[in-house]
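Enquirer: no sequence on this one, just coordinates:
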């Protein structure tokens, strides 16, 4: 009888450790959301490089377990907690910016530098969301971290939230990456609503060809100008411009290829998986998380709207033949190159010969710089 009793107790103990015994409705909800992310990434091809790792990370992070086995992302000493340090300490985002710099061609911006103003205009989404979050009761630091979602820049959102609001980092990161993946869905209706048929058909003059010397000088001058203005943005801006110099110098091609490919892929995997795993239901499903998603959507809408309206306003002062197609106003957010592709797709829908991609890339890459500068400003004010 003692033997059978021991076996029975062991079985009961084993069952109490299973996910079935520890599951809550919150775990089921987050697993369903994770499956939706994976589905959208694979079946709909919506930013699969982001949604598949994040979605699968949500599955990993929401497998129910009994605390104490050092397996959860929030348990000290677990493997996931060590991988998550790259998010918590903020060293994954600068590595992502290194890869972005090594992949990005700034020629469109160099050849038509005035388009940087569109990228600046789109940053109003950040400060609009900051004001709204403050009015809803978030602290200034939390509001600053939430507002950066409007820049449509996941690494910047993670970097800033790790400094200003680490408790909200999971919700902010998932919100930022979700809206980055939904760029075509969110932006196209706004662009069509705010523009006329005539405006959508505006053809812009071809950009001039940049010299190699200009491309080499740009990251050096860009670094000095932006970081002297906002030193707190140095981790992101420094790595962005360094990666670009590796690309354009012509003598560090191997380093540029490593930064743009192997390193970028590794960090993207680790970042996406751990951000997804950080949505553990017991800490993620709160009223604040829901508010953050709503504010993130609002900031994204504001950023797109201000970018398009700014171009329309600017056109009032430009002569015929020099006007800017307002469809590139959406590209002021830093979702590179997806926002620029949306400009191209909408433009081609109304005129099959109107190619806006290269023009849209100028405010798009300006948006990358602008969001990093905005993050540095917020960190300087609120950190």
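Expert: Right, received. Where do you want to start? What you are looking at is a predicted structure, and each value in this text was computed from that prediction instead of being measured.

Enquirer: now do the SS call for residue 207.
Expert: Three-state call for residue 207 (DSSP: H, G, I helix; E, B strand; the rest coil): coil.

Enquirer: starting at the chain centroid, how far to the helix or strand containing residue 241?
Expert: For residue 241, the host element (DSSP states H and E) is helix 234-248. Relative to its parent chain, helix 234-248 has a centroid offset of 18 Å by CA atoms, centre = their mean, to the nearest Å.

Enquirer: what of stretch 11-19?
Expert: On CA atoms, centre = their mean, the centre of stretch 11-19 falls 40 Å from that of its chain.

Enquirer: list the buried residues in it.
Expert: Buried positions in stretch 11-19, judged by neighbour count with 16 or more other CB atoms under 10 Å: none. To be clear about C-beta, it is placed using only N, CA and C from the backbone, and glycine gets the same treatment.

Enquirer: next: stretch 285-298.
Expert: Neighbour-count burial for stretch 285-298, counted by 16+ other CB under 10 Å, picks out 285, 288, 289, 291, 292, 293, 295, 296, 297, 298.

Enquirer: which residues sit in contact with the fifth one?
Expert: The reference is to residue 292. Going by CB atoms under 8 Å, 6 or more residues apart in numbering, residue 292 touches 146, 149, 168, 171, 172, 175.

Enquirer: ok, now the first one?
Expert: Residue 285 makes contacts with 26, 29, 30, as judged by CB under 8 Å, 6+ apart.

Enquirer: phi, psi for it please.
Expert: Main-chain dihedrals, residue 285, degrees, to the nearest 10: phi -80, psi 90.

Enquirer: can you name the element that comes right after the longest helix anywhere in the chain?
Expert: When the chain is parsed with DSSP state H, its longest helix is helix 287-315. Heading C-terminal from helix 287-315, the first helix or strand you meet, by DSSP H and E, is helix 338-350.

Enquirer: not counting that next one itself, show me its contacts.
Expert: 47, 152, 180, 183-184, 187-188, 191-192, 197, 200-201, 325, 327-328, 330-333, 354-357, 359-361, 364, 367.

Enquirer: quick one: low-confidence parts of this protein?
Expert: Low-confidence segments of the chain, defined by pLDDT under 70: 1-4, 383.

Enquirer: what count of nearby residues applies to residue 317?
Expert: The number of residues packed near residue 317 is 8, by other CB atoms under 10 Å.

Enquirer: quick one: distance of the helix or strand residue 56 falls within to the chain centre.
Expert: Following DSSP H and E, one finds residue 56 within helix 48-61. Averaged C-alpha coordinates place helix 48-61 at 15 Å from its chain's average position (CA atoms, centre = their mean).

Enquirer: now the very next helix or strand once past that helix: how far from the chain's centre is it?
Expert: Where DSSP H and E defines the elements, the next helix or strand beyond helix 48-61 is helix 79-88. Centroid separation for helix 79-88 versus its chain: 19 Å, with CA atoms, centre = their mean.

Enquirer: ok and helix 79-88 relative to helix 48-61, angle-wise?
Expert: Here helix 79-88 runs at 130 degrees with respect to helix 48-61, directions being taken by axes from the mean of the first three to the mean of the last three CA atoms, to 10 degrees.

Enquirer: what helices and strands are in contact with helix 79-88?
Expert: Here helix 79-88 touches helix 154-164, helix 169-181, helix 264-277, going by 3 or more CB pairs under 8 Å, 6 or more residues apart in numbering; DSSP states H and E.
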